[in-house]
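In: could you work out the structure for the sequence below:
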Amino acid sequence: MRAARVGAEADWERPEPSVLLVEDDPADALLVEELVADSALKIRLRWVRSLTEATEVLATETPDCVLLDLHLSDARGLEAVSLVRAHAEQVAVVVLTGLAEEETGLAAVAAGAQDYLVKGRVEPELFGRAVRYAIQRKQAEQAAVALQASQMQAQENARLERGLLPRPLLRGEGIDVVARYRPGRAAALLGGDFYDIVQDADGTVHALVGDVSGHGPDEAALGVALRIAWRTLVLSGIAGSEQMSRLEELLVAERAREEVFATLVSLAAVPGEQRAHVVRAGHHGLLRRGRDDVEWIEVPGGPALGMLPGGARWPIAELPVPKGDSVVLFTDGLFEGHVSSGPQRLGEEGLLALARTAAGLPPEAFVDRLIGKAEELAEEQGGLADDVAVVHLSWN
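Out: The predicted structure is shown next:
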């Protein structure tokens, strides 16, 4: 048999299809080589005489196509197709049949081959087209399978993440809550930010907003763990500095790296009272929204969780909230976005200015305006890159 075109090293670097011919008859192998030589499609051809040799080649190489005779000394018929597909699922298979075996060729296609050719009835042009189309069909099949797997995984992840987002636990009336969550990860529903709202048995309303450093799935999982632990502590009656200490213990035990920390702010208010008790752990300020104005409020606090394990304390600060006012808790993703193509960011003052322009809006419209305007300002640099959690809370 005339040797396949191997040529110089540069020839192998060309984007030419590589074909493995599995044929035990030298005359038929020579026929295939002639077809390759005369075809307009330039092919790198390698010939082996048995399926055993073919499996050895496929163990270390991945050709674009296998030309498979169905009458080998060590495998016959559809068994040969199954064995090749078992060793190289990603490779296109074109079977070679005799003049009276077209039904066998069709059966091979049904068993997973991409096409079949009848020996002695193949012209060079048809041969090249069959190989090229078989490769393309196999690539299309693989792309479709990968797409389906990706879609199924995305759907499963979405269901999981939706299940991990909190549902406010409110026992009475007169509590107005608006919560929004926007993850920074592309195509994700959950990031490192977290929030929750719970009303305990005596009617006290508790709200939480927090931010785990980082944006990946590990941070998202840690944020969920902290949120669930916080809800459990609230319902168990544990508050203040002790509550923060317990959360810090959990963070230190669960974090993937020692440098991971979390900031958070926790608020407790009794419906009808014109005040709230706030515990702040390394978190930035909050907004107090009146009928016609919005204020940025900073209350005394302690360090972020995980920064000084076991050695920190978090004071309880009393925040006056006049009748009719609301409190807005949020994470820094809301004001750390850029406002132009340059390095300037929205910042705390910029966010406060935005909030004041929306002061007269209803709660839902107010929150949506803040997030929407922050995203709009950051659009030139791809939008907001960080997670955003916002809780707008009214109780009096």
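
In: can you give me the strands in the stretch 151-300 of the chain?
Out: 176-182, 193-199, 205-212, 262-269, 275-281, 286-289, 294-297 (DSSP state E, counting those that start in this stretch).

In: need these in CSV with mean pLDDT and distance to G342, can you?
Out: Using the backbone N, CA and C atoms, a C-beta is placed for each residue, glycine as well. Below are these laid out as CSV (pLDDT from 0 to 100; distance: least, CB to CB, whole Å):
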stretch, mean pLDDT, distance to G342
strand 176-182, 92, 23
strand 193-199, 94, 26
strand 205-212, 96, 25
strand 262-269, 97, 27
strand 275-281, 97, 31
strand 286-289, 97, 26
strand 294-297, 96, 24
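
In: any idea which of the ones you listed is most buried?
Out: Compared across the strands of the stretch 151-300 of the chain, strand 205-212 shows the largest average neighbour count, a mean of 27 (mean count of other CB atoms under 10 Å).

In: and the contacts of stretch 102-110?
Out: For stretch 102-110, the surrounding residues in contact (CB atoms under 8 Å, 6 or more residues apart in numbering) are L70, G77, L78, V81, V93, V95, T97, D115, Y116, L117, V118.

In: among those residues, which one has the lowest pLDDT?
Out: Least confident by pLDDT among these: that is G77, with 84.

In: ramachandran coordinates for the closest residue to it other than its chain neighbours?
Out: Once flanking residues are discounted, G77 sits nearest to L70: 5.5 Å by CB to CB, 6 or more residues apart in numbering. Here is the backbone geometry of L70 (degrees, to the nearest 10): phi -90, psi 10.

In: let's test this: mean pLDDT of the helix ranked longest in the chain, rounded?
Out: Identified as the longest helix of the chain according to DSSP state H is helix 124-164. Mean per-residue pLDDT for helix 124-164: 78.

In: quick one: distance of it to the chain centre.
Out: 18 Å (CA atoms, centre = their mean, to the nearest Å).

In: now swap in stretch 209-228 and tell me
Out: 15 Å.

In: go on, stretch 367-376?
Out: Averaging C-alpha positions (CA atoms, centre = their mean) puts stretch 367-376 24 Å from its chain's average.

In: and it, C-alpha only, in PDB?
Out: In PDB, the C-alpha atoms belonging to stretch 367-376 read as follows (Å, rounded to 0.1, in the frame of the first residue of the first chain):
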ATOM      1  CA  VAL A 367     -35.500  50.200  45.700                       C
ATOM      2  CA  ASP A 368     -35.700  49.400  42.000                       C
ATOM      3  CA  ARG A 369     -34.700  53.000  41.100                       C
ATOM      4  CA  LEU A 370     -31.600  52.700  43.200                       C
ATOM      5  CA  ILE A 371     -30.500  49.500  41.600                       C
ATOM      6  CA  GLY A 372     -31.500  50.500  38.100                       C
ATOM      7  CA  LYS A 373     -29.700  53.800  38.200                       C
ATOM      8  CA  ALA A 374     -26.500  52.300  39.700                       C
ATOM      9  CA  GLU A 375     -26.500  49.700  36.900                       C
ATOM     10  CA  GLU A 376     -27.200  52.400  34.300                       C
END
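
In: give me the contact list for it.
Out: With contacts defined as CB under 8 Å, 6+ apart, stretch 367-376 is touched by 178, 180, 182, 328, 330, 334-335, 337, 346, 351, 354-355, 358, 361, 383-384, 388, 390, 392.

In: ChimeraX command for the buried members of the contacts of stretch 102-110?
Out: Those of those that count as buried under 16 or more other CB atoms under 10 Å are selected in ChimeraX with:
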select :70,77,78,81,93,95,97,115,116,117
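
In: does R46 have beta-bridge partners, and which?
Out: Under the criterion DSSP bridges, R46 forms beta bridges with L20.

In: OK, contacts around it?
Out: A4, S18, V19, L20, L21, V57, P63.

In: check H71 and give its pLDDT.
Out: 87.

In: how close does it sit to T104?
Out: Distance of H71 to T104, given as CB to CB, to the nearest Å: 10 Å.

In: off-centre distance for stretch 325-341?
Out: Counting by CA atoms, centre = their mean, stretch 325-341 comes out at 24 Å from the chain centroid.

In: buried set for stretch 333-352?
Out: For stretch 333-352, by 16+ other CB under 10 Å, it's 333-339, 345-346, 348, 350-352.

In: where exactly do the strands run in the stretch 1-150 of the chain?
Out: Taking DSSP E, counting those that start in this stretch, the strands of the stretch 1-150 of the chain run over residues 18-22, 44-48, 65-69, 92-97, 115-118.
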